[in-house]
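S.K.: sequence plus predicted model, see below.
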Amino acid sequence: MARRERIAVVTGGNKGVGFALCRRLAGEGCVTVLTARDGRKGRAACAKIE
């Protein structure tokens with residue numbers, strides 16, 4: 001049986017609980033889509049997680 005890839009979309013992922021969730025999911029190997037209202041802050045959050 002083929003392994004299914006986990007994908008998560010987290011709104012408000014650039015700060016607080018959303019950021020912590022993104023960091024945890026990404027750390028566990030889940031493909032994580034981080035969303036934010038401010039693109040610059042969203043990119044900064046992604047850079048911290050990478």
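M.R.: Cool, got the structure.
S.K.: what's the spacing between stretch 5-19 and its chain's center?
M.R.: Chain-centre distance of stretch 5-19: 4 Å, with Cα atoms, centre = their mean, to the nearest Å.
S.K.: I misspoke; the intended subject was stretch 18-36.
M.R.: The mean C-alpha position of stretch 18-36 is separated from the chain mean by 3 Å, Cα atoms, centre = their mean.
S.K.: and the end-to-end length of it?
M.R.: Stretch 18-36 has its terminal residues 10 Å apart, counting by Cα to Cα, to the nearest Å.
S.K.: contacts for it?
M.R.: Here stretch 18-36 makes contact (Cβ atoms under 8 Å, 6 or more residues apart in numbering) with 5-14, 42, 45-46, 48-49. Heads up, the C-betas are built off the backbone N, CA and C, glycines and all.
S.K.: so for that stretch, mean pLDDT?
M.R.: The pLDDT scores in stretch 18-36 average 97.
S.K.: so which bits of that stretch are buried?
M.R.: 18, 19, 21, 22, 23, 25, 26, 32, 34, 36 (16 or more other Cβ atoms under 10 Å).
S.K.: where does the last one fall, phi/psi-wise?
M.R.: Per-residue torsions, residue 36: phi -150, psi 150 (degrees, to the nearest 10).
S.K.: does the spatially most central residue of the chain belong to a helix, a strand or coil?
M.R.: Centroid check for the chain by Cα atoms, centre = their mean gives residue 22 as the closest residue, at 3.4 Å. Three-state call for residue 22 (DSSP: H, G, I helix; E, B strand; the rest coil): helix.
S.K.: same thing with the one 10 residues further on?
M.R.: Put simply, residue 32 is strand when judged by three-state DSSP.
S.K.: per-residue pLDDT of residue 5, please?
M.R.: Here, the pLDDT recorded for residue 5 equals 89.
S.K.: identify the residue nearest it in space, chain neighbours excluded?
M.R.: Leaving out its chain neighbours, the residue that sits closest to residue 5 by Cβ to Cβ, 6 or more residues apart in numbering is residue 31, at 6.1 Å.
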